[in-house]
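[1] After the sequence you'll find the predicted model.
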Amino acid sequence: MVQPTIAPFTGDLEELLPFFHMSTGIDGADGVRQLIAMERTRGTRYYTATLDGRVVGMIGFWFDPSGEVSALEPPQVIDIAVLPDARRQGLARALMDTAVEAVRAAGYRHLWLYTDGNSAPLLAFYRRLRFRIISAVPDWFGEGTVKAILRREL
C-alpha cells in the first residue's frame, strides 16, 4: 500500500473541482460551486491525499462541534474521491480513516454517509470500510435512483 500524505486542505476549494465532480456526480460547474459554498458555510472539513506532490484524493466530512444538532445532522462524510489513476492503492481508506479518527476524537459514536444505492461496487467498497446500509430511499435523485444511507459504528 502506498503511503500518502493526508493533510487538512487550506486552499481555495475551487482547486478541488475535479474531485467534487467525481464525488457528487454533478456535471455543471455552477452546481458544484453552490455545493462548495454551502459546505464552506457550514464548516465541512476537507482533507487531501497527496502522492509525489500531486493531490490525488479528497474527503470532506462534517460534524457539529457543539454536538447540538447531531440528531438532525449526524456526523457524516460529505464527499470522497480519488483520481482514477491513483485508485486501488489504499488512498480512499486512508482518507476515510482520517475522518473516522476526527469524528471519534470529537466524541461521536457513528459516522454516516449517503451514496448511490444503485452501484453495487460502491456499496461493496463501503462495506469493506465497515459501513452498513441502514436505509434506502427510492427515487431520491430522480426516477429509478436509490439513495443508500450507511453508518459506521466507531
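    Received, thanks.
[2] In which helix or strand does Val77 reside?
    strand 76-82 (DSSP states H and E).
[3] That strand: partners in the sheet, and parallel or antiparallel?
    Paired with strand 76-82 in the same sheet, following DSSP bridges, are strand 54-62 (antiparallel), strand 110-116 (parallel).
[4] contact partners of the worst-scoring helix or strand of the chain on mean pLDDT?
    Across the helices and strands of the chain, mean pLDDT, DSSP states H and E gives its lowest value to helix 29-42, namely a mean of 83. Identification of contacts with helix 29-42 by Cβ atoms under 8 Å, 6 or more residues apart in numbering yields 13-14, 17, 20-21, 24, 26, 60, 62, 78-79. No exception for glycine: its C-beta is placed from N, CA and C like everyone else's.
[5] Those, buried ones only, as a PyMOL selection?
    Buried residues within the contacts of helix 29-42, by 16 or more other Cβ atoms under 10 Å, are selected in PyMOL with:
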select buried, resi 13+20+21+60+62+78+79
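[6] Show me what the helix or strand hosting Pro121 packs onto, helices and strands only.
    For Pro121, the host element (DSSP H and E) is helix 120-128. Judged by 3 or more Cβ pairs under 8 Å, 6 or more residues apart in numbering; DSSP states H and E, the packing partners of helix 120-128 are strand 110-116.
[7] Give me the average confidence score over the strand it packs on.
    Across strand 110-116, pLDDT averages out at 93.
[8] In the chain, which residue is most central in space?
    Centrality entry for the chain: nearest residue to the mean C-alpha point is Asp79, 2.9 Å, by Cα atoms, centre = their mean.
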